[in-house]
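Chemist: only geometry, no sequence info:
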């Protein structure tokens with residue numbers, strides 16, 4: 001595509017430029033590819049750099065671009081659906097699960113999670129940390145809180161810490177008959193630890209997905225997943241709400 005002059009376009013220049021850039025992303029660039037610098041892009045499209053920045057910022061908000069520290073502006077991966085409604089009923093860690101176990105430790109959960117679990121405040125539970133990646137980039141981080149009574153057989157298993165321990169907790173949890181689950185989604189800001197895992201700045205907008213898993217008439221586990229807001233969006237369909245994340 002050649003140079004595009006925008007002086008005669010009646011709508012805001014940056015908005016039309018956003019559309020032109022979006023078409024170029026579809027036809028000329030691959031996922032993860034680094035865009036030319038602002039000076040080159042501004043010259044190509046015949047606009048001021050301030051106009052270009054507005055268009056790039058809008059594309060970043062829409063999840064088409066990602067600004068990666070030390071790398072530059074890259075083309076974001078496409079988004080795929082992750083059910084938040086009643087379509088999926090499965091324990092975490094099953095074969096169809098797209099998350100990677102990272103670590104496991106025993107720690108007291110946040111007070112809100114303890115209330116959901118029905119455990120006394122301050123009582124340690126198994127805390128499994130997981131990460132979801134696409135095209136080598138992290139798009140979500142999760143903490144899965146599992147009280148000891150949900151995995152009674154774990155005490156007899158001598159498993160090292162880290163990812164191996166996390167996978168063992170997941171396997172033991174799956175021994176329970178899953179009776180159901182529910183999910184809640186809310187907007188939030190990335191905590192320092194989550195921001196580091198997701199390659200974002202602390203306070204960056206995120207979507208928080210809290211999932212409760214039920215077994216034996218009680219809450220068996222609670223997962224709190226933090227999704228990068230620039231890689232996710234919500235849709236509504238026949239199967240309920242879906243969270244679309246770069247997959």
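Modeler: Yep, it's here. Note that the structure is predicted; figures quoted are calculated from it, not measured. Residues are numbered from 1 along each chain as shown.

Chemist: what ranges do the strands span in this structure?
Modeler: Counting by DSSP state E, the chain has these strands, from start to end: 65-68, 72-75, 79-83, 100-107, 125-134, 137-146, 180-189, 205-215, 218-228, 232-237, 240-246.

Chemist: Columns mean pLDDT and distance to residue 89 on top of those, output as TSV?
Modeler: From N, CA and C alone the C-beta is placed, and that goes for glycine too. What follows is these, written out as TSV (pLDDT from 0 to 100; distance: least, Cβ to Cβ, whole Å):
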stretch	mean pLDDT	distance to residue 89
strand 65-68	80	32
strand 72-75	88	35
strand 79-83	54	10
strand 100-107	94	21
strand 125-134	92	19
strand 137-146	91	16
strand 180-189	87	6
strand 205-215	91	9
strand 218-228	94	13
strand 232-237	59	17
strand 240-246	51	12
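
Chemist: Could you export these as a markdown table, including distance to residue 165 and mean neighbour count?
Modeler: Below are the strands of the chain laid out as a markdown table (distance: least, Cβ to Cβ, whole Å; neighbours: other Cβ atoms under 10 Å):
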| stretch | distance to residue 165 | mean neighbour count |
| --- | --- | --- |
| strand 65-68 | 31 | 19 |
| strand 72-75 | 34 | 18 |
| strand 79-83 | 26 | 16 |
| strand 100-107 | 4 | 16 |
| strand 125-134 | 8 | 21 |
| strand 137-146 | 12 | 23 |
| strand 180-189 | 23 | 14 |
| strand 205-215 | 19 | 19 |
| strand 218-228 | 15 | 23 |
| strand 232-237 | 29 | 13 |
| strand 240-246 | 26 | 19 |
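
Chemist: These: which one's closest to residue 25?
Modeler: Closest to residue 25 of the strands of the chain is strand 72-75 (Cβ to Cβ; 5.6 Å).

Chemist: Report the buried residues of the longest helix along the chain.
Modeler: Longest helix in the chain, counting residues (DSSP state H): helix 13-28. By 16 or more other Cβ atoms under 10 Å, the buried positions in helix 13-28 come out as 13-14, 16-18, 20-22, 24-25.

Chemist: Of the strands of the chain, which is nearest residue 38?
Modeler: Nearest to residue 38 among those is strand 72-75; the distance by Cβ to Cβ comes to 8.8 Å.

Chemist: helices or strands up against the closest one?
Modeler: Judged by 3 or more Cβ pairs under 8 Å, 6 or more residues apart in numbering; DSSP states H and E, the packing partners of strand 72-75 are strand 65-68.
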